[in-house]
Structure formats: C-alpha cells, structure tokens
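In: dropping the sequence and predicted coords here.
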Amino acid sequence: MFTSLIAARWLPVSVVLVALISFPAAPALAASGDGATGKAAESAQLAIKVDQVGYPIDGPKVALVTAPATVFELRRSSDNKAVFHGKLGPAEADIYTGDRVQAADFSALRKAGRYYLAVPGVGRSWNFEVGANVFEHAYSIAMRGFYGQRCGTAVDMGPEFPGYAHPACHLHGEFHSSSGASGERNNIGGWHDAGDYGRYMVTSGISAGTLLWTWEIYGEKIKNISLNIPESGNGTPDILNEARWGLEWMLKMQDKDGGAWQKQTSAGFPGFIAPEADTEPSKVIGTGAAPYKSTCATADLAAVAAIAARVYQPYDARFAAQALQAARRAWAWTEKYPNVTFENPPGISTGSYADANCQDERLWAAAELWRTTGEASYQNFFLASYAAFLPGLDSPPTATWTDVGQMGLWSYALSPRQGADAKAVAAIRERTLAAARAIVERTRRNPYHVSLKATDYVWGSNGVAAAYGMTLLMADVMRPDKSDKEFADAARDDLHYLLGRNAFSLSWVTQVGEHPYLHPHHRPSAARPATPPWPGLLSGGPNKDREDQVLAALPKDLPPAKVYADEWASYASNEICINWQASLVFLLAGEMK
C-alpha cells in the first residue's frame, strides 16, 4: 500500500519509462447487430459495464450503460441468440464519475450459461457467466494471488498460468541495528506485502487474520477448493495452508521476550526487478531503542496466533499449541509495554506502517484470546476497553491495518463461548446492523450501485469497497432474520464494482475477466513487461488525492472516481497490497453458494 511511495518517487528515469509501456489493447469483440470491430466495438464495451465474472442465478442481475439508449437484450455467447429483452432504466447523473448511468436489469433470467449484453445503437458487453456458483474460480485465483506473493521459496503458478514462476528469493536476513540485536536472522517466509518486497507485521496480521476468519465463517463453502499450491492434498484445507505461510513468518518475528519486531525489509525499495534479483539483505527492523519491538506488531501477532490456535487444532494440534503459546507471550509483552509505537529509524526508507495508538490491536488480541481460551483476564480487558471503540462501528469501513478495533468487537460478538457479556454483544450487533442498513441505502441510491462515498476514493479505494462488502457480510452473519438478503446483495454490488461494473469497465483483478487491468505497481509483474501481470491481484483503484506524478498529470477536473491510471508508475492508484487482497477473498467466499 503506502510501502512503495518513496521508492516510486525516486525511481531511475529508465525504470519509470519502462513503467509507462503499454500492452496491446484487449481484442475487441464484434458489436451487436452491425459486425463492427476495432475501436468502435471496444468503446461500446467500455460503455456497457458488467461483472465480467458473472451473476448468481438466484440473485439480482444488473448491468450499467453510460451511452444513450432505451432497450437492451441478453444474448447467448455460443450462438448470439437473444434470450432476454428489457428496457433500460432512466438515466441517473453520478456525481462521483460524471457519467449518466442507466440500469439494465435482467434478474428474471434464471438459466445458467455464458452471455453478453447487447444494446442497440451502442454495441455489446464483455462476456460473463450466469450460474449457481460463479465466483468460485475468482476466489481460487484471488487466493492464489497470496501464493504468488510468497517470499523465501520458489513459486510456480502451474499449468493454468505457465511461465509465472521464480526461484527462491530473499534467503539472507540479518538484524538491523535498530532491532537491539546483531548478526544473521534468516526469517525466511511470509508474503511480499505489496508492489515491493518488504514484509510487515501489521499488514500480515490483518491479512492472515482475515483469511482465518474467512475459514471460520465460510469454511463449509471453501473447504474442498484446491488452490494447486505445494501443500495441496496434505489433509488441511488450502486456505489454511496459505494462511499458515504468512503466520509462520510472523511467529519468527517474535523475540525471546515475547515482543515482535515491526518489519523485515531491505534498507530501501529496489527497482522494478524480479524477486530473486533483489539480493540486498532483508533486515529485521526495530524501533531503535529499548524495548526495540512495537506494541502494534506484537498485539497483531497475539490476535492472529490466538485465532490460529483454535483454527488449526483439528489439523495440527502441535502447531495450534505453538501458536497459543506465542499469543500468550505476545499479550504478556503488551501488558508490560502497552503503547510502544514505531517510526522508521535512520537509514531505513521502506514503509514504516506507523501507528500512534496500539490500543485497538490490544482490543483485538484480548477478544481473540478470550474466544480461544475463555480465560477471564482477557475478557476483563476487553470489557473494560470496548466501549471506546463502539463509535467506530457507526462509520465503516474502519477495519484496516491502522484500526483493527472493529475486528476485536466483531470477534467478541460472534464468539460461541458461554459467558459473553450480553450488553456488550447487543451493543456491537445493534451498531453493526444499523451501519449496514445505512450502507445498503447509500448503495441503492448510487447510480453505479457501489457503497463508496466521495471521501472513499483514496489510496486503496478498491480495498475500501471490499471492506464495505466485508462489513455488510459480517452484518449478514449477525442478523436475526436469515431470509432477508439485503446485506448480502449490497455486498455483491461492491464485488460487481471490483469485477467490472465500474466507470472504466475494468476488472480490477489481474487475469480475471475479459478486460482486466494490465499494469499493477508490482515488481514481479513489471520485471517482465512483455507479458500480462501476475494473476489474481486487486488494484488499489481510483485516488482523488493524486499522490503520484502520474495521477497529478491527469486533467484537474476529473471527478474522484475517475482519478486512476493503469500504469506501473501510478503507485497511488495501481499498487496491490495483501490486506485489501484478503478483504477481496472474504467477499468472494461470502458470495459463494
């Protein structure tokens, strides 16, 4: 996320020029009825916005059109036969994009198949599926995006993505002087955080925690999905295999006293080189003064390791016990050092992920430890602290690496353990449901059917959209009336936005859909400019704050939802990051059948 900002501003000119190279345009499809091809057909496709993955058979099915028209039809891709006819809704002005948007509602179609939308006088859309479980493959690719980010091992995406491979990387590590230690520290493992090759405890924490929650809440849907990773077939569900790769590195970042160092990176960001070509030592970096570890990183470790202790128990009891011991030790360290914060020490210019207040991390850790152990000390801390975080539920999404208080509140409210405080649970549930209802109404009023507000088009706005979806799905889990689908439907609207139903008619997940974005700010992808990017990675998305030179050069009058550039140099709009990747995985799993 923020990790490559400094590096991108100081890239050599030759690297920036490489970042501006464009792939050839995606092949244009024939426009409906007139045989048009080339730029006219591609322009039509951009004016007709569909979820390029598809729509469930039994849910709402809406496409959007931003060229003047009155009617539409749905055609079968295999033979171009029209199978559904409808009228477009009235045009609505969208202040966030400047577009006039008409809805094409084909919810009445109940037959599985591959289709496209044809709009007379405009053209045709990209192809998409209607089916019982249309998001399963997208879920698999998004999860494999984490596998592609693995550090310290050879990676090979396999026959589905031939050639997407690299040898083991970042095998040499050492302590930086800021850590309070010296010598080698080969903490091999973890995930590259974003477009760079750093590994960071706070983003790994919320990412691994979200993946483990995905399993706890939606495990029955995803337990049999193979990700074709090296651990596949070992008797453990693959989402847990992948989450463990990130978690085991986090455990290695714990010192003997229980505290955890903030990050492991090189001193500065590398250029756009392949992972194995980055041979600078990977340094364990601390605060620069005793106790050298940070409270936010340590509490994140306590929270995630506590979840792991219960999740992995049926599959590897020894690892589960190791995780619980680490969680207890980390919690004890935070009691001794309740708010040791982090800033980059001199000589280090990689992302700091600085956070001035670690009490939300401690709340999350206490909730997860109580949920796992039932011990009164953890619940007592939670009950003495939680009320200060309740207002954060009123204006979601707040669950980011800087603010995990929402995670702590939700975990406590969803715990099946006896002895939960009824007043606390009721307050958390009521405020979550009220916030979700407000999101639903805002999403319905938005011409693009997305939950984002003007202020949400910031660095990682696509991650914000995914987080809104996650909030809605958490409310759906908490709601007493399970027959009402308004929360799940609104969450799916946010997913549709990410998968192509947006102003750019782009799938914002690499190699998903017929018109995905092509130039993520992602070093493994940019290191091989003649091929499409590594698969399964969510773009950061539009950013009204224009925090890079590419965005700053765009027309000044662009509305907030259109301040985006599909270029490698646009780190502020097109970087990838594991924490919003995890929210995408949660959203995809929640929308599966």
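Out: Yep, it's here.
In: what's the neighbour count on the nearest residue to residue 508 once chain neighbours are set aside?
Out: The spatially closest residue to residue 508, leaving aside those adjacent along the chain, is residue 539, at 4.4 Å (Cβ to Cβ, 6 or more residues apart in numbering). In this view, the C-beta of every residue, glycine as well, is placed from N, C-alpha and C. The number of residues packed near residue 539 is 31, by other Cβ atoms under 10 Å.
In: wait, residue 539 touches residue 507, no?
Out: No: in this structure residue 539 lies outside contact range of residue 507 using Cβ atoms under 8 Å: 9.3 Å.
In: hey, what's in contact with both of the two?
Out: Taking Cβ atoms under 8 Å, 6 or more residues apart in numbering as the criterion, residue 539 and residue 507 both touch residue 517.
In: which one's the longest helix in the protein?
Out: In the chain, assigned by DSSP state H, the helix with the most residues is helix 422-445.
In: contacting residues around it?
Out: Helix 422-445 is contacted from outside by 382-383, 386-387, 390, 393-396, 409-410, 412-413, 449-451, 453, 468, 471-472, 474-476, 478-479, 486-487, 490, 493-494, using Cβ under 8 Å, 6+ apart.
In: just the buried subset of those residues, written out for PyMOL, thanks.
Out: To isolate the buried subset of the contacts of helix 422-445 in PyMOL, counting by 16 or more other Cβ atoms under 10 Å, use the following:
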select buried, resi 382+383+386+390+393+396+409+410+412+413+449+450+451+468+471+472+474+475+476+478+479+486+487+490+493+494
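In: tell me what the helix or strand following the longest helix of the chain is packed against?
Out: Downstream of helix 422-445, the first helix or strand assigned by DSSP states H and E is helix 461-478. Applying 3 or more Cβ pairs under 8 Å, 6 or more residues apart in numbering; DSSP states H and E, we find helix 461-478 packed against helix 405-414, helix 422-445, helix 486-498, helix 578-590.
In: out of those helices, which is the most enclosed?
Out: When you average the neighbours per residue for each of the helices and strands packed on helix 461-478 (mean count of other Cβ atoms under 10 Å), helix 578-590 leads with a mean of 28.
In: what is that one packed up against?
Out: Using 3+ Cβ pairs under 8 Å, 6+ apart, the elements in contact with helix 578-590 are helix 136-148, helix 201-222, helix 461-478, helix 486-498.
In: of all those helices, which one is nearest residue 351?
Out: helix 201-222 (8.7 Å; Cβ to Cβ).
In: report the angle between that closest one and helix 136-148.
Out: 150 degrees (axes from the mean of the first three to the mean of the last three Cα atoms, to 10 degrees).
In: how close does the spatially closest residue to residue 55 that is not a sequence neighbour sit to residue 223?
Out: Spatial nearest neighbour of residue 55, excluding adjacent residues (Cβ to Cβ, 6+ apart): residue 61 at 4.2 Å. Residue 61 is 28 Å from residue 223, where distance means Cβ to Cβ, to the nearest Å.
In: these two: who's more crowded?
Out: A direct count of neighbours by other Cβ under 10 Å for residue 61 and residue 223 places residue 61 higher, at 24 against 13.
In: pLDDT score assigned to that one?
Out: Predicted confidence (pLDDT) for residue 61: 98.
In: now residue 118, which residues is it bridged with?
Out: On the basis of DSSP bridges, residue 118 is bridged to residue 73, residue 124.
In: please apply the same query to the one 10 residues further on.
Out: With DSSP bridges as the criterion, the beta-bridge partners of residue 128 are residue 115.
In: burial check on it, number of neighbours?
Out: The local packing of residue 128 (other Cβ under 10 Å) involves 25 other residues.
In: in contact with the residue nearest to residue 55, which residues?
Out: Neighbouring residues of residue 61 by Cβ under 8 Å, 6+ apart: 55, 105-107, 109, 130.
In: which helices and strands sit right next to the helix or strand that contains residue 550?
Out: Here residue 550 is covered by helix 549-552, with elements defined by DSSP H and E. Applying 3+ Cβ pairs under 8 Å, 6+ apart, one finds that helix 549-552 makes contact with helix 571-574.
In: and residue 180, how close does it get to residue 396?
Out: Applying Cβ to Cβ, the value for residue 180 to residue 396 is 38 Å.
In: er, residue 282 I mean
Out: 35 Å.
In: just give the closest residue to residue 297, not the sequence neighbours.
Out: residue 201 (3.7 Å).
In: close enough to count as contact, the one you found and residue 250?
Out: Yes: when contacts are counted by Cβ under 8 Å, residue 201 is listed as touching residue 250 (6.3 Å).
In: what sits in contact with each of those two?
Out: 260, 300-301.
In: mind putting the residues you listed into CSV with distance to residue 48, neighbour count and pLDDT?
Out: Formatted as CSV, those follow (distance: Cβ to Cβ, whole Å; neighbours: other Cβ atoms under 10 Å; pLDDT from 0 to 100):
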residue, distance to residue 48, neighbour count, pLDDT
260, 49, 30, 98
300, 43, 31, 98
301, 47, 34, 98
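In: redo those residues as JSON lines? Include secondary structure.
Out: Listed next are the shared contacts of residue 201 and residue 250 as JSON lines, based on DSSP: H, G, I helix; E, B strand; the rest coil:
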{"residue": "260", "secondary structure": "strand"}
{"residue": "300", "secondary structure": "helix"}
{"residue": "301", "secondary structure": "helix"}
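In: and residue 78, how many neighbours?
Out: If you count neighbours by other Cβ under 10 Å, residue 78 ends up with 9.
In: ok, it touching residue 114?
Out: Yes: under the criterion of Cβ under 8 Å, residue 78 makes contact with residue 114 at 6.7 Å.
In: right, and residue 229 touches residue 242 too?
Out: Yes: using Cβ under 8 Å, residue 229 is in contact with residue 242, at 6.4 Å.
In: any shared contact partners between the two?
Out: Shared contacts of residue 229 and residue 242, defined by Cβ under 8 Å, 6+ apart, comprise residue 147.
In: between the two, which one's more packed in?
Out: A direct count of neighbours by other Cβ under 10 Å for residue 229 and residue 242 places residue 242 higher, at 25 against 21.
In: and which of the shared contacts of residue 201 and residue 250 is nearest residue 551?
Out: residue 300 (30.5 Å).
In: point out where the protein drops to low pLDDT.
Out: 1-42 (pLDDT under 70).
In: name the element residue 368 belongs to?
Out: Residue 368 is part of helix 359-373, with elements assigned from DSSP H and E.
In: kindly export that helix (C-alpha atoms) in PDB.
Out: Only the C-alpha atoms of helix 359-373 are listed here, as PDB (Å, rounded to 0.1, in the frame of the first residue of the first chain):
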ATOM      1  CA  GLN A 359      -5.000   0.000  21.800                       C
ATOM      2  CA  ASP A 360      -7.200  -1.200  19.000                       C
ATOM      3  CA  GLU A 361      -4.700  -4.000  18.300                       C
ATOM      4  CA  ARG A 362      -4.700  -4.900  22.000                       C
ATOM      5  CA  LEU A 363      -8.600  -5.000  22.000                       C
ATOM      6  CA  TRP A 364      -8.500  -7.400  19.100                       C
ATOM      7  CA  ALA A 365      -5.900  -9.600  20.800                       C
ATOM      8  CA  ALA A 366      -7.900  -9.700  24.000                       C
ATOM      9  CA  ALA A 367     -11.000 -10.700  22.100                       C
ATOM     10  CA  GLU A 368      -9.300 -13.500  20.200                       C
ATOM     11  CA  LEU A 369      -7.500 -14.800  23.300                       C
ATOM     12  CA  TRP A 370     -10.700 -14.900  25.300                       C
ATOM     13  CA  ARG A 371     -12.600 -16.500  22.400                       C
ATOM     14  CA  THR A 372      -9.900 -19.200  22.200                       C
ATOM     15  CA  THR A 373      -9.200 -19.800  25.900                       C
END
